[in-house]
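*Asks:* what's the 3D shape of this:
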Amino acid sequence: CRWVIKGYQDPDLDDLERQSPTLTADGLAVVLQLTASMCWTLQIADVEGAFLQGEKLERKHGKIYARMPPCGTPDVDQNSIVELVKCIYGLMDAPLKWKSITATLKMLGMKQTEMDPCVFYWFWDGQLAEVVALHVDDMVISGNQYFKANVTDKLRNKYPFKHWVEKEGNFLGRKLKQHGDFSITIDQKDYANKVKTIEISKERRKQKEEPIIGKELQQFGVLGAANWIVGSTRPDIAAQTAMLQQRVSRATVNDLIEANRLVSKIRDYSHIRILVKSIPMEDAMIVVSTDASWSNTDTLGNQAGYFIMMANKKLKENQWADVSPMRWKSYKMERKTQSTLGAELMSVARGIAECDWIRSMIAKARFPNYELKNDKAFREKLQMMVIVDNKPIYDHVHGEGVIVRDKRIAIDMLLVRRDLLATNAQLRWIDTRQMLSDVFTKINANPDFMIFVLQFGNFIVAKENQSLEWRSRERELKKPRVRSNGP
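*Replies:* As a prediction, the model looks like this:
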């Protein structure tokens, strides 16, 4: 059991500095990929009573006292009033006081990343030797033969750990498992199977256009569970989840029915997992697939998405290559556009920016002399590929000049071309059937190819001229044949 204080009763509540960094999804993705790529053993640890190991509790307005919990503790009367000398769970500033763990990691020689202050790297003889992802009192750790004596042994001597496991364990609601080839799978099968459908009577189902009320509003909160799963392991249901969330403030009974369909997908495909392949860093490149649908939300906005993967460089050579999904998102664009081309251009620009962020985090790990002021030079050492299924974008980027009547789209086109050239990226066009990001922009998009890539960790980019030839043949086959009457 754990004693939890009612932090909202804290007399210093309004004056407390309570902001504390938490591990980002980007940070976790990078640490897991580095662990697999470096062929290091995955370790998962949890500090016991972490807040009690933090800094001494000192308040400028005086000491803090609390009543004992109802059942009391051994040898202490349950009516006792006790002084708090260390932070405990429930106090708003407890996570901030636990920042002493950061000081400890730095003292052991680890470098804190600017992009995610909860990710730390340790170098030995000019090479990356350990990575740590820290989320409050939970950690993912991996490293080479030098890090044990120089870092982890000292860490374990300083803090009491509730558990410290290797190769398999739970971390932030995800089950992580490392396999013999050092690849890592991430799944949420147990969590997904517990997501409950919304109760809707037969009579209520007939009132599809009626707004939801009372208990239905609470049940519609199932979208929170769906969003958590989407961001962790289930990109295949991203568009449906995102577009339902956009309707929360004006949801109808029909939206409840759609939410139940979403829950069915969550449970029926609960076996889907993320596979992090062991791709050697010297053979690795970063790939982003972007897509957008024009005016397809209920407010006539544009739904867009991106899917970022680490890939083997074989992908550039039009071969099947190992890939690891890293980050993905389905989102509603803030700006409306006049055409599909405008929406697609904006999604490409967003995809490049998100990809560069991941590249920067990896550059910090690969180069001990990395400095933020020279970020561009370091991050571009990891090659990047941008994938689209919009042929006009591909043609304009690879051509000279811009032949677009809409001047705003022309400006966006020039900006995308500039970004691609400036960031040393390659733009590739693929047929729509190869487009992974369709599941981020269209509710009814076929997820089969996405599920295949997630399951097997393989992807291919066919040559542009080959894809065009296939398209042409397919059109010919679909043409009605003229039957000859004969003599």
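*Asks:* contact partners for the nearest residue to Val461 once chain neighbours are set aside?
*Replies:* Closest residue in space to Val461, ignoring its immediate chain neighbours: Arg428 at 5.3 Å, by CB to CB, 6 or more residues apart in numbering. Every C-beta, even on glycine, is put in place using the N, C-alpha and C of the backbone. Contacts for Arg428 (CB atoms under 8 Å, 6 or more residues apart in numbering) come out as 385-388, 394, 461, 464.
*Asks:* please name the nearest non-neighbouring residue to Ile64.
*Replies:* Nearest residue to Ile64, sequence neighbours excluded (CB to CB, 6+ apart): Leu84, at 4.7 Å.
*Asks:* can you get me a residue count around that neighbour?
*Replies:* In terms of burial, Leu84 registers 14 neighbours under the definition other CB atoms under 10 Å.
*Asks:* C-terminal to the biggest strand by length in the chain, what's the next element?
*Replies:* Once the chain is assigned using DSSP state E, the strand that runs over the most residues is strand 321-332. Past strand 321-332, further along toward the C-terminus, the next helix or strand under DSSP states H and E is helix 340-366.
*Asks:* re the thing from before, ok, the residue nearest to Ile64 to His61 distance?
*Replies:* 14 Å (CB to CB, to the nearest Å).
*Asks:* one more: Met107?
*Replies:* Summarising the geometry, the distance separating Met107 from His61, computed by CB to CB, is 31 Å.
*Asks:* same check on Met281?
*Replies:* For Met281, the distance to His61 (CB to CB) stands at 51 Å.
*Asks:* neighbour count winner among these two?
*Replies:* When neighbours are counted by other CB under 10 Å, Met281 and His61 differ, and Met281 comes out ahead with 15 against 8.
*Asks:* next one: phi and psi at the more buried one?
*Replies:* The phi and psi torsions at Met281 (degrees, to the nearest 10) take the values phi -60, psi -30.
*Asks:* ok, it - contacts?
*Replies:* For Met281, the residues meeting the contact criterion (CB under 8 Å, 6+ apart) are 34, 37-38, 366.
*Asks:* again with Ile358
*Replies:* Applying CB under 8 Å, 6+ apart, one finds that Ile358 lies in contact with 26, 29-30, 286, 308, 326-327.
*Asks:* cool, Asp412 as well?
*Replies:* For Asp412, the residues meeting the contact criterion (CB under 8 Å, 6+ apart) are 342, 345-346, 349.
*Asks:* ok, those vs Ile186, which is closest?
*Replies:* Each of the contacts of Asp412 was scored against Ile186 by CB to CB, and Ala349 proved nearest at 28.7 Å.
*Asks:* thought the closest one was touching Arg418?
*Replies:* No: counting by CB atoms under 8 Å, Ala349 stays clear of Arg418, with 10.1 Å between them.
*Asks:* so which of these two has more stuff around it?
*Replies:* Neighbours were counted for Ala349 and for Arg418 using other CB under 10 Å; Ala349 has more, 16 against 10.
*Asks:* residues near the nearest residue to that one once chain neighbours are set aside, how many?
*Replies:* Setting aside the residues directly before and after it, Ala349 is nearest to Val416 in space (CB to CB, 6+ apart), at 5.7 Å. Other residues lying near Val416 total 24 when counted by other CB under 10 Å.
*Asks:* where's Val416 relative to Leu345, distance?
*Replies:* When distance is defined by CB to CB, Val416 is 6 Å away from Leu345.
*Asks:* ok, Arg273 next?
*Replies:* Counting by CB to CB, the gap from Arg273 to Leu345 is 33 Å.
*Asks:* more neighbours: which of these two?
*Replies:* For the pair Arg273 and Leu345, the greater number of neighbours falls to Leu345 (30 against 19), based on other CB under 10 Å.
*Asks:* give me phi/psi at the nearest residue to the more buried one once chain neighbours are set aside?
*Replies:* Setting aside the residues directly before and after it, Leu345 is nearest to Asp412 in space (CB to CB, 6+ apart), at 4.3 Å. In terms of degrees, to the nearest 10, the main-chain angles of Asp412 are phi -60, psi -40.
*Asks:* re the thing from before, tell me the contacts of the residue nearest to Ile64?
*Replies:* The neighbourhood of Leu84, defined by CB under 8 Å, 6+ apart, consists of 5, 57, 63-66, 91.
*Asks:* ok, of the residues you listed, which come out buried?
*Replies:* Among the contacts of Leu84, those that count as buried by neighbour count (16 or more other CB atoms under 10 Å) are 5, 57, 64, 66, 91.
*Asks:* which of those residues sits closest to Asp375?
*Replies:* Out of the buried ones among the contacts of Leu84, the one with the shortest distance to Asp375 is Leu91. That distance is 37.2 Å, counting by CB to CB.
*Asks:* show the pLDDT at that closest one.
*Replies:* On the pLDDT scale, Leu91 is placed at 74.
*Asks:* can you give me the neighbour number for the closest residue to it other than its chain neighbours?
*Replies:* In this structure, Leu91 finds its nearest non-sequential neighbour in Gly7, 5.1 Å apart by CB to CB, 6+ apart. The local packing of Gly7 (other CB under 10 Å) involves 16 other residues.
*Asks:* ok, Gly7 to Ala66 distance?
*Replies:* With distances taken as CB to CB, Gly7 is found 10 Å from Ala66.
*Asks:* likewise Ala284?
*Replies:* From Ala284 over to Ala66 the distance is 51 Å, taken as CB to CB.
*Asks:* can you check Ala238 too?
*Replies:* 44 Å.
*Asks:* thinking again about what came up before, how near is the residue nearest to Val461 to Val439?
*Replies:* From Arg428 to Val439 the distance is 19 Å (CB to CB).
*Asks:* give the buried residues for stretch 184-204.
*Replies:* Of the residues in stretch 184-204, those buried under the neighbour-count criterion (16+ other CB under 10 Å) are 184-188, 191-192, 195, 197-198, 200.
*Asks:* nope, stretch 59-78 is what I meant
*Replies:* Judged by neighbour count using 16+ other CB under 10 Å, the buried positions of stretch 59-78 are 64, 66.
*Asks:* can I get that stretch as CSV, trimmed to CA atoms?
*Replies:* The C-alpha atoms that make up stretch 59-78 are tabulated as CSV, following Å, rounded to 0.1, in the frame of the first residue of the first chain:
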residue,chain,number,x,y,z
ARG,A,59,8.7,25.6,2.5
LYS,A,60,9.2,29.4,2.8
HIS,A,61,6.0,29.7,4.9
GLY,A,62,7.0,27.1,7.4
LYS,A,63,6.7,23.4,8.1
ILE,A,64,4.0,21.1,6.7
TYR,A,65,2.1,18.7,8.9
ALA,A,66,-0.3,15.9,8.0
ARG,A,67,-2.7,13.5,9.7
MET,A,68,-1.9,9.8,9.7
PRO,A,69,-3.9,7.6,7.3
PRO,A,70,-7.1,6.1,8.8
CYS,A,71,-5.5,2.7,9.5
GLY,A,72,-2.4,4.3,11.0
THR,A,73,1.0,2.7,10.9
PRO,A,74,2.7,0.3,13.4
ASP,A,75,3.7,2.0,16.7
VAL,A,76,2.1,5.3,15.7
ASP,A,77,-1.3,6.4,16.9
GLN,A,78,-3.7,7.0,14.0
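*Asks:* and the pLDDT for Val195?
*Replies:* Predicted confidence (pLDDT) for Val195: 94.
*Asks:* what's stretch 111-124 in contact with?
*Replies:* Outside stretch 111-124, the residues within contact range by CB under 8 Å, 6+ apart are 21-24, 26-27, 30-31, 102, 105-106, 108-110, 128-135, 143-144, 146-147, 150-151, 357, 360-361, 364-365, 368, 372.
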